[in-house]
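A.B. asks: show me how the following folds:
(chains A and B)
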Amino acid sequence: MNGHDAREAVHRAINQVAPDVEPADLEAEARLRQDLELDSLDFLRLVETIDTSTGVNIPERDYPQVSTVGGLIAYLTAHG
Amino acid sequence: MTAGTTQPTRWPRISKDPQAFPVEPNLADYHSVCRAFSWDSARQALSGLPGGGLNIAHEAVDRHAAGPRAGHEALRFVRADGSTHSLSYRELAEQTSRFAAVLAQLGIGRTERVFSLMGRTPELYVAVLGTLKNGSVFCPLFSAFGPEPVRQRLQLGSGRLLVTTRALYRKKVARIRDALPDLKFVLLIDADGEPEPGTLDLAGLMEAAPGDARIASTQGEDMALLHFTSGTTGTPKGAIHVHEAVTAHYATGLYALDLHPEDVYWCTADPGWVTGTSYGVIAPLVHGVTTVVDQEEMDADRWYRILAEQRVTVWYTAPTALRMLMKAGADRASGHDLSALRFVASVGEPLNPEVVVWGREAFGQPVHDNWWQTETGGIMIANFAATEIRPGSMGRPLPGVEAALVQRDGNGKAVIVDSEPVLVTEPDTMGELALRAGWPSMFRGYLHEEERYRSCFAGGWYLTGDVAKRDADGYYWFVGRGDDVIKSSGHLIGPFEVESSLMEHQAVAQAGVIGVPDPVAGEVVKAFVELRNGWEPSEELRLDIIGFARKRLGAAVAPRMVEFTTALPRTRSGKILRRLLKARELGLPEGDTSTIETPQEAP
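C.D. replies: Coordinates of the predicted model:
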């Protein structure tokens, strides 16, 4: 997946799970839990949403790599 | 009805061998300890204030700071990077005295309410105990609440002072400040010398305050803590707890958590909820043990690392977290040395037997489920360290606690005859769980709502609203809530609160909110929404409504699912029938529908 598609997929998935997050807040370094205030259930749904929309399954052991918006985009770029 | 109600018989009982325990259990023989127990004798284990009276903070901090445990590590904070920062009992005594002095200087008096809205930082723990030292009442708010629950609770509790962070203040409080005339002071823990307009710098005030202020001479029945909880209807209820509750915090820490003086104890609950206050702050400190506080959000690897690196011996956590760990796989625990861990307990919602048993694979210890509520102030029913576990059962009543089941009528109401509840005596029969009133941590009221409080009691019993069964040996088994309250990730959510917020959205005419089963959270909030004329259902509108609710209520309370419907089922008087919404959602029989307005199509 190229970086542009990965970014699109991440923004769409976050909007699905947490439509209260402003697009302007989706900076690369924004932390999903602390800055965007996704709770643990939101995070699980985000991972599922991304799996469904992109086919990329993020195993639990890789969760630390996807704790920020930028980390998630980079992960999809590398694995999608 | 709710997760965790699978057939008990499928799971073999877990027996114990106390001889092999690293420490002698505090409760070895259930029946003999129960027989010998009295609350008066439990109270003797506490010190009491030097001049008479009782104060939770004295029992939790000052008496240790004045004795041989002064230098013992009281709180150990684990920062995001894994490094730690500790406070000894002596240091905690000094800081909490400074905080109390700050309150006194600002004119915050006895029984006035001090609120907190922040993460698990040292300042939060100092604020809880410092407030009690000043004789004021502490009311914690969960930092993930949106501005609406924050405003409502501050208003209902007439909060005089709020301790929070700059970011949370800007995001959730600054805009609602005008609606809170009682709120005189806001103290920022991270003002760094430059508080926001209308706020004060806590660190600066603390520095200038004396560290040897005298503790308020509170009495056992003085109000100490205010915890908000949700009901089926109306506004959240502020459950009042008094200083005497510390007797129960002590006794339940002794028996249900099996605390011993050299324990390193970790309670994963946030002090924004009652578990995080009763068992994340008070009970372990009263026992003089070392309490670990993780300042970060849950993460499987991080949690295993903390258990191993901090050599945690007693761990108190929640079903949702355990189910997430189970999902991540027991192999994640491998490579972490969990040999120090000797007791694992869980609370918040019924724990599925699978998880109880899985604990042995992951932690080398089965998980001990226990049961209590905001109103009970402390653990009431538990599986104990040295006694048999029946996976799926919440266990047996604590010493000093008398539990019973009350018969329910066709509408799910407790059967009361001549002001006395009719008790269920047959084993394995459903009834509403009731507790004989009078234990020390029993709530003493709902703030400003005397009638609502009185209606919780009948014939000397407190009716819990939870439905359970009891087997022939006295083990209790959770069945479900007796009302429409939703239990998600261990937190009670009032459907009315969510519906009211949804109806403020310009497109929403009516909303009906229920809990639907979820494999991780037990239940999640689902809303059925009727649109106003001129609005059409669309994916965009659905997301807009969810976003609107999340902004107001926060992620923990807002609905995770919204479904459009053209006709919510209502009674003839117009009340939305959540019970019917739920039956339809789950494909259950719809029961007695004679009071419904008109037959409606399924939502």
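
A.B. asks: show me which residues of chain A are close to chain B?
C.D. replies: Listed as neighbours of chain B in chain A under the rule C-beta under 8 Å from any C-beta of the partner chain: A:15-16, A:18-21, A:33-34, A:37-42, A:44-45, A:60-61, A:63-64. C-beta coordinates here come from the backbone N, C-alpha and C atoms, glycine included.

A.B. asks: pick out the residue of the stretch 401-550 of chain B closest to chain A.
C.D. replies: Using C-beta to the nearest C-beta, the single residue of the stretch 401-550 of chain B nearest to chain A is B:Gly547, 3.3 Å away.

A.B. asks: what does that residue show for phi and psi?
C.D. replies: Phi and psi for B:Gly547, reported as degrees, to the nearest 10, are phi -60, psi -40.

A.B. asks: which one of the residues in chain A is closest to chain B?
C.D. replies: A:Pro19 (3.3 Å).

A.B. asks: quick one: B:Arg153 from chain A, how far?
C.D. replies: B:Arg153 sits 18 Å away from chain A, taking C-beta to the nearest C-beta, to the nearest Å as the criterion.

A.B. asks: ok so, going back, what about the residue of the stretch 401-550 of chain B closest to chain A, how many neighbours?
C.D. replies: By other C-beta atoms under 10 Å in any protein chain shown, the residues close to B:Gly547 number 18.

A.B. asks: sitting in helices, which of the residues of chain A next to chain B do you find?
C.D. replies: Per DSSP state H, helices hold the following members of those: A:15-16, A:40-42, A:44-45.

A.B. asks: can I get these in TSV with distance to B:Ala104, neighbour count and pLDDT?
C.D. replies: Formatted as TSV, these follow (distance: C-beta to C-beta, whole Å; neighbours: other C-beta atoms under 10 Å in any protein chain shown; pLDDT from 0 to 100):
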residue	distance to B:Ala104	neighbour count	pLDDT
A:Asn15	49	16	96
A:Gln16	50	18	95
A:Ser40	39	18	90
A:Leu41	42	20	92
A:Asp42	41	21	95
A:Leu44	46	20	93
A:Arg45	47	19	94
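
A.B. asks: so which of the residues you listed comes closest to B:Ser489?
C.D. replies: A:Leu41 (6.8 Å; C-beta to C-beta).

A.B. asks: does the closest one touch B:Val525 like I think?
C.D. replies: No - the pair A:Leu41 and B:Val525 fails to qualify as a contact (C-beta atoms under 8 Å) at a distance of 10.3 Å.

A.B. asks: so what sits against both of the two?
C.D. replies: Common contacts of A:Leu41 and B:Val525 (C-beta atoms under 8 Å, 6 or more residues apart in numbering or on different chains): B:Arg560.

A.B. asks: check contacts around the nearest residue to the residue of the stretch 401-550 of chain B closest to chain A once chain neighbours are set aside.
C.D. replies: Distances taken as C-beta to C-beta, 6 or more residues apart in numbering or on different chains place A:Pro19 nearest to B:Gly547, at 3.3 Å, with adjacent residues excluded. Taking C-beta under 8 Å, 6+ apart as the contact definition, A:Pro19 lies against B:543-544, B:546-547, B:550.

A.B. asks: count the neighbours of B:Gly587 for me.
C.D. replies: Using other C-beta under 10 Å, B:Gly587 has 6 neighbouring residues.

A.B. asks: run a quick neighbour tally on B:Gln310.
C.D. replies: A count of neighbours around B:Gln310, defined by other C-beta under 10 Å, yields 18.

A.B. asks: do you know the pLDDT at it?
C.D. replies: If you check B:Gln310, the pLDDT there is 98.

A.B. asks: ok, it to A:Tyr63 distance?
C.D. replies: Applying C-beta to C-beta, to the nearest Å, the value for B:Gln310 to A:Tyr63 is 21 Å.

A.B. asks: swap in B:Trp266?
C.D. replies: In terms of C-beta to C-beta, B:Trp266 sits 21 Å off from A:Tyr63.
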